[in-house]
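Asker: structure for this input, please:
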Amino acid sequence: MMSPMWCAVVCCAFVSGHRQSQSRASDAADSHVPFQEFGSGGGSQRYIEQIKDHHLEHGAPAHPLHSTRENVRHGELGAAKFTVEMAKPTQPFSHFFETSVGSGHMSLTLRADWREHVTMAARDLGVKHIRGHGLLDDDMSVSLKYGQHAFYNVDSLVDFLASVGMRPIFELSFMPSWLTSGNHTVCHYKGNVDPPTNFSAWGELIGALGQHLVDKYGEDTAAEFFFEVWNEPNDNFWKGTQEQYWQLYTEAALGLKKASPRLQVGGPATNSPEAWLSDFVDYCRNNSVPFDFISTHAYSSCAMAGLGSVPKVAKQIESARAVLNNATNGLGARPPWLITEFGANCGQGIGEPGAAQFPSAIHDMIDQASYTIAAINTLAGDGEPQALSYWAVSDVFEESFFPVHNESFHGAFGLINLHGIPKPTYRAYQLLHETGNEQVTVTGPPPPNATGTCGVPVVGEDVWGGDVSSSVYNVASVADCCQLCIAVPTCDVATYHPNEHACAFKQWATRLNTTSNKDRTSVNVTKTPLTNDELCAKNTGVLAVLNGSANATHVDILVYNHAAFVDPIVECTLTVDVPTGGADKMADLGAATVQRIDEDHANPLAAWIAMGTPDYTTAEQNAALLRASTLVVEKLSDVASSVGATSFTFSAPPHSVAAVRVPLK
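Answerer: Below you'll find the predicted structure:
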């Protein structure tokens, strides 16, 4: 069964007929409204309409300031307290988020500006690999016909990456025109997604690529590359069947292993963490097909529901880890799990405003920075993937054409804009890169318990679409279903299936339709608003990392205040205790420094908006935006409301990050 998570770039392969049918469903939903709209649902729906209207007029989404977002509760304050447990044993902090970063399609890698941006990422973020689509597209001039291949452009990429200390993850896609069995394409650059006319010829091509890389760079170096077979074969990026993908994978894997058994090959590169995991492992194990790693993708959302939700993406990844562990039992050492695409939203701002993916501008905003720190803090530790590859490194990215408006900030995926301006998320990864490798235990307030009330059940009413979480089974009654909905973020309608004892969790504002169905009962759910202190307990967190297990000289304390895009969030007064951890771990808070990301710090988007959102920025404006994007080192004592011998208190605005570096004496 295909996961509801869609790929980051499926908008470029969107089928117009589906878009029209979805529009009709929305029209039907508006004519049949049995439930009251309340909570954040109304605000999110209004924002969706605002985004679409602006997109149709300007070709890019609006960037809503915090002052215009009703879920950002201005002037409201809460408080929370955290303790950095310096005396407790530390855990390894592996920097798995530096293994890889994503990129636009491979012909862009030959551009000078793309290479400048990747050089920045290697220097500031410590990324070690890069992955992108279309290595075998005709515009890369890799394969002309059977047995006639040219690897000049591939070598150019490998040589450049080596010059900045990086290696490739070669995504083996898409189909060369001479080898394709059809004319289905994706994206502005027309990558062909049909199966080959001859799978053996496909295997010959991939084997020749592997042999060339071994011959030119040596087996030791080529063994540091990853070869990932295709992209999202469970989605619009593959017009074959699953069985045909297995054949595609088999021929590629055998061709690479013939070149060298040390070449690393894997898949299935599906569009959500859990998709095809067990199927892939079972197929390879049952058919003696080699694989060295497993790859999938992970996004919080492709729509408004769940946009920027860390709990949602974390739950998906944790569930997939359990599936993967079960599937690989008995294999000895577990294979690495590479999440080769990751982000808060799988749709970019330049996408179609009427498409299923929500054309969010979040990639340009501070929300994405706080999301990143919160996600890393949640995922780090046992069960973490071996790669969490942010999609993507640069706005030099043309899956849906280059921007026709708002070239500086148009909601594209990149960490860096077209003019080399780092976005807030780039700075978040920079702060993470500057941390050490020993994570310190942090204790904080317990998460608040969700409470609410259930409306009158509507027997025979079914709500289509608007799902905000996977359905739960073995649910005894509609009352139990409602209570489960109360605990699910953004769920405001529970739909119960009596015959199946199943409960579905819905958001009314994003539904597609309502129909009559005697085996369905739906109930409106009104949630009790959290207090401001409860919001701070829910939204804030602390990641603390020492720069060594022995003889550490400092501890980095990364504090964040994050909520999903439409969820309520307030400013939080945070107190962080840093008690003595022994003679070699005494915090010197008087000498501590802080770097901030918020509406007023490391936020070039705000500076661009203040300029009047020029479509095409001048060199002078770009220089000003670069200054606005810079992290500034400040004394903690100049920022905090109080700094004591073992604790400090300061304000954490909505969607903010503060990196406090505390020397040890």
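
Asker: skip the chain neighbours and tell me the closest residue to Asn539.
Answerer: Ala563 (4.8 Å; Cβ to Cβ, 6 or more residues apart in numbering). For glycine as for every other residue, the C-beta is placed from the backbone atoms N, C-alpha and C.

Asker: distance of that neighbour from Cys346?
Answerer: 19 Å (Cβ to Cβ, to the nearest Å).

Asker: returning to what we had before: return the residues in contact with the residue nearest to Asn539.
Answerer: Contacts of Ala563 were listed using Cβ atoms under 8 Å, 6 or more residues apart in numbering, and they are Asn71, Gly308, Leu535, Lys538, Asn539, Ile569, Pro654, His655.

Asker: the first one contacts Ile569, doesn't it?
Answerer: Yes: look at Asn71 against Ile569 with Cβ atoms under 8 Å: they come within range, at 6.5 Å.

Asker: these two: which is more packed in?
Answerer: A direct count of neighbours by other Cβ atoms under 10 Å for Asn71 and Ile569 places Ile569 higher, at 30 against 19.

Asker: tell me what the more buried one is bridged to.
Answerer: Per DSSP bridges, the residues bridged to Ile569 are Val72.

Asker: numbering from 39 from now on, please.
Answerer: Renumbered: residue one is now 39, and that last one reads Ile607.

Asker: what score does it have for pLDDT?
Answerer: You'll see Ile607 listed with a pLDDT of 97.

Asker: and for Ala690?
Answerer: pLDDT recorded at Ala690 is 98.

Asker: just Pro99 next, same as before
Answerer: pLDDT, Pro99: 61.

Asker: hang on, the earlier thing: which entry within the contacts of Ala601 corresponds to the minimum pLDDT?
Answerer: Among the contacts of Ala601, Asn109 has the lowest pLDDT, at 88.

Asker: can you pull out the low-pLDDT segments for the stretch 89-238 of the chain?
Answerer: 89-100 (pLDDT under 70).

Asker: centroid-nearest residue for this structure?
Answerer: When Cα atoms, centre = their mean is applied to the chain, the residue found nearest the centroid is Gly381 (1.2 Å).

Asker: distance of it relative to Leu669?
Answerer: In terms of Cβ to Cβ, Gly381 sits 21 Å off from Leu669.

Asker: now Asn274
Answerer: Taking Cβ to Cβ as the measure, Asn274 and Leu669 are separated by 39 Å.

Asker: and the helices in the stretch 189-338 of the chain?
Answerer: 190-201, 237-255, 257-260, 280-297, 315-324 (DSSP state H, counting those that start in this stretch).

Asker: let's have those in JSON lines, adding distance to Ala661 and mean neighbour count.
Answerer: Below are these laid out as JSON lines (distance: least, Cβ to Cβ, whole Å; neighbours: other Cβ atoms under 10 Å):
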{"stretch": "helix 190-201", "distance to Ala661": "26", "mean neighbour count": "16"}
{"stretch": "helix 237-255", "distance to Ala661": "39", "mean neighbour count": "19"}
{"stretch": "helix 257-260", "distance to Ala661": "39", "mean neighbour count": "15"}
{"stretch": "helix 280-297", "distance to Ala661": "46", "mean neighbour count": "20"}
{"stretch": "helix 315-324", "distance to Ala661": "47", "mean neighbour count": "18"}
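
Asker: so which of the ones you listed comes closest to Ile647?
Answerer: Nearest to Ile647 among these is helix 190-201; the distance by Cβ to Cβ comes to 34.5 Å.

Asker: does anything pack onto the closest one? Which helices or strands?
Answerer: Helices and strands touching helix 190-201, by 3 or more Cβ pairs under 8 Å, 6 or more residues apart in numbering; DSSP states H and E, are helix 150-163, strand 205-210, helix 237-255.

Asker: contacts for the shortest one?
Answerer: Residues outside strand 205-210 that contact it (Cβ under 8 Å, 6+ apart): 138, 166-171, 173-174, 195-196, 199, 244, 247, 262-269, 290, 307, 376, 378, 427.

Asker: just checking: what are the partner strands of that strand?
Answerer: Checking strand 205-210 against DSSP bridges gives partners strand 167-170 (parallel), strand 264-267 (parallel).

Asker: can I get the first one as PDB, trimmed to CA atoms?
Answerer: Output in PDB follows, covering the C-alpha atoms of strand 167-170 (Å, rounded to 0.1, in the frame of the first residue of the first chain):
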ATOM      1  CA  HIS A 167      28.000  13.300   0.700                       C
ATOM      2  CA  ILE A 168      25.600  14.800  -1.700                       C
ATOM      3  CA  ARG A 169      22.700  13.200  -3.600                       C
ATOM      4  CA  GLY A 170      20.500  14.400  -6.500                       C
END
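
Asker: just how off-centre is it within its chain?
Answerer: Relative to its parent chain, strand 167-170 has a centroid offset of 15 Å by Cα atoms, centre = their mean, to the nearest Å.

Asker: next secondary structure after that strand?
Answerer: Note on strand 167-170: by DSSP states H and E, the next helix or strand toward the C-terminus is strand 181-183.

Asker: which residues does that following strand contact?
Answerer: Counting by Cβ under 8 Å, 6+ apart, Leu174, His187, Ala188, Pro214, Trp216, Leu217, Leu243 sit against strand 181-183.

Asker: what count of nearby residues applies to the third one?
Answerer: The local packing count at Ala188 equals 13, with neighbours defined by other Cβ under 10 Å.

Asker: okay, now the closest residue to it other than its chain neighbours: neighbour count?
Answerer: Nearest residue to Ala188 in three dimensions, chain neighbours excluded: Ser179, at 5.6 Å (Cβ to Cβ, 6+ apart). Per other Cβ under 10 Å, the neighbour tally for Ser179 reads 15.

Asker: again with Cys520
Answerer: Residues near Cys520, counting by other Cβ under 10 Å, number 24.

Asker: next one: Thr235
Answerer: 13.

Asker: excluding chain neighbours, give the residue nearest to it in space.
Answerer: Leaving aside its sequence neighbours, Thr235 sits nearest to Ser219 (Cβ to Cβ, 6+ apart; 4.8 Å).

Asker: dump the residue contacts of the one you found.
Answerer: By Cβ under 8 Å, 6+ apart, the contact set of Ser219 is Asp232, Pro233, Pro234, Thr235.

Asker: next, count neighbours for the closest residue to Phe435 other than its chain neighbours.
Answerer: Leaving aside its chain neighbours, Phe435 sits nearest to Gly142 (3.7 Å; criterion: Cβ to Cβ, 6+ apart). Gly142 has 27 neighbours, counted by other Cβ under 10 Å.

Asker: surely Gly142 meets Val434?
Answerer: Yes: taking Cβ under 8 Å as the definition, Gly142 is a contact partner of Val434 at 6.1 Å.

Asker: now for the two: what residues contact both?
Answerer: Trp152.

Asker: show me the shaky parts of the chain.
Answerer: 39-100, 388-397, 620-622.

Asker: mind checking the longest strand of it?
Answerer: strand 540-565 (DSSP state E).

Asker: and the residue nearest to Thr235, how far is that from Pro234?
Answerer: On the measure of Cβ to Cβ, Ser219 and Pro234 end up 6 Å apart.

Asker: one more: Gln249?
Answerer: 19 Å.

Asker: my read: Glu472 touches Asn585, true?
Answerer: No: look at Glu472 against Asn585 with Cβ under 8 Å: they stay out of range, at 9.0 Å.

Asker: okay, and the common contacts of these two?
Answerer: Both Glu472 and Asn585 are in contact with Asp594, where contact means Cβ under 8 Å, 6+ apart.

Asker: now Asn383, nearest residue through space, not along the chain?
Answerer: Leaving out its chain neighbours, the residue that sits closest to Asn383 by Cβ to Cβ, 6+ apart is Ser398, at 4.8 Å.

Asker: kindly apply the preceding question to Gln477 instead.
Answerer: The shortest distance from Gln477 to any non-neighbouring residue, by Cβ to Cβ, 6+ apart, is to Phe131 (4.1 Å).

Asker: report the contact partners of the one you found.
Answerer: The contact partners of Phe131, by Cβ under 8 Å, 6+ apart, come to Ala418, Thr473, Gly474, Asn475, Glu476, Gln477, Val583.
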